[in-house]
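*Asks:* next input, structure requested:
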Amino acid sequence: MPNPERTYTISQLAREFDVTPRALRFYEDKGLLTPRRDGMNRVYSHRDRARLQLILRGKRVGLSLIEIKEILDLYKVDQRAQAQTALKKYKARIVALEQQREDVDAAIEALRESIGKVEQFLSKPAAPAAVGAARAYEQEAKKRLEEVH
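*Replies:* Numbering: from 1, shown residues only. Just a heads-up that it's a prediction; the model follows:
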């Protein structure tokens, strides 16, 4: 178990969690982290480190910072309420992600169908009139390019 008396600098936490010091200052500005000050330096506690872990986990699963803050703020008030709120938000996030997955799967299927139709169209020989129109277009395009250069 980590030492609850241990403190961390902004650089140490940034390095450990692969975030920028700017991100840590942003979370502080949003009230998610509350490091104490030692002169101009921020001193992060074991509690701040644990909160940062929860913030990053929440972000990774798509929770908003407002939702993350709501969960974190409940810790001081009622840990059971915090757990219930987190559970509710996690379940809602799963529903949203499952819907996104269905939407992505449907988009992929639509693209595959379109690819099949386009490939089928391109596998057939072009009609003579289309070939003539394409050659005329190509000659006109070459003529215009020569005029520009």
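*Asks:* can you give me the domain assignment for the protein?
*Replies:* 1-66, 78-149 (automatic domain parsing).
*Asks:* highest mean neighbour count out of these?
*Replies:* domain 1-66 (a mean of 14; mean count of other CB atoms under 10 Å). Yep, even glycine has a C-beta here, placed from its N, CA and C like the rest.
*Asks:* ok, and what's touching the worst-scoring helix or strand of the chain on mean pLDDT?
*Replies:* Considering only helices and strands, the least confidently modelled element of the chain by mean pLDDT, DSSP states H and E is helix 128-148, at a mean of 85. For helix 128-148, the external contacting residues (CB atoms under 8 Å, 6 or more residues apart in numbering) are A126.
*Asks:* got the CA positions of it in PDB?
*Replies:* Output for helix 128-148, consisting of C-alpha atoms alone and laid out as PDB, is shown next (Å, rounded to 0.1, in the frame of the first residue of the first chain):
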ATOM      1  CA  PRO A 128     -18.000   3.500 -76.100                       C
ATOM      2  CA  ALA A 129     -19.700   6.900 -75.700                       C
ATOM      3  CA  ALA A 130     -18.200   7.200 -72.200                       C
ATOM      4  CA  VAL A 131     -14.800   6.300 -73.500                       C
ATOM      5  CA  GLY A 132     -15.100   9.000 -76.100                       C
ATOM      6  CA  ALA A 133     -16.200  11.600 -73.600                       C
ATOM      7  CA  ALA A 134     -13.400  10.700 -71.200                       C
ATOM      8  CA  ARG A 135     -10.800  11.000 -74.000                       C
ATOM      9  CA  ALA A 136     -12.200  14.400 -75.000                       C
ATOM     10  CA  TYR A 137     -12.100  15.600 -71.400                       C
ATOM     11  CA  GLU A 138      -8.500  14.400 -71.100                       C
ATOM     12  CA  GLN A 139      -7.500  16.200 -74.200                       C
ATOM     13  CA  GLU A 140      -9.100  19.400 -73.100                       C
ATOM     14  CA  ALA A 141      -7.500  19.100 -69.700                       C
ATOM     15  CA  LYS A 142      -4.000  18.600 -71.300                       C
ATOM     16  CA  LYS A 143      -4.600  21.600 -73.500                       C
ATOM     17  CA  ARG A 144      -5.500  23.800 -70.500                       C
ATOM     18  CA  LEU A 145      -2.400  22.600 -68.600                       C
ATOM     19  CA  GLU A 146      -0.200  23.400 -71.500                       C
ATOM     20  CA  GLU A 147      -1.700  26.900 -71.700                       C
ATOM     21  CA  VAL A 148      -0.900  27.500 -68.000                       C
END
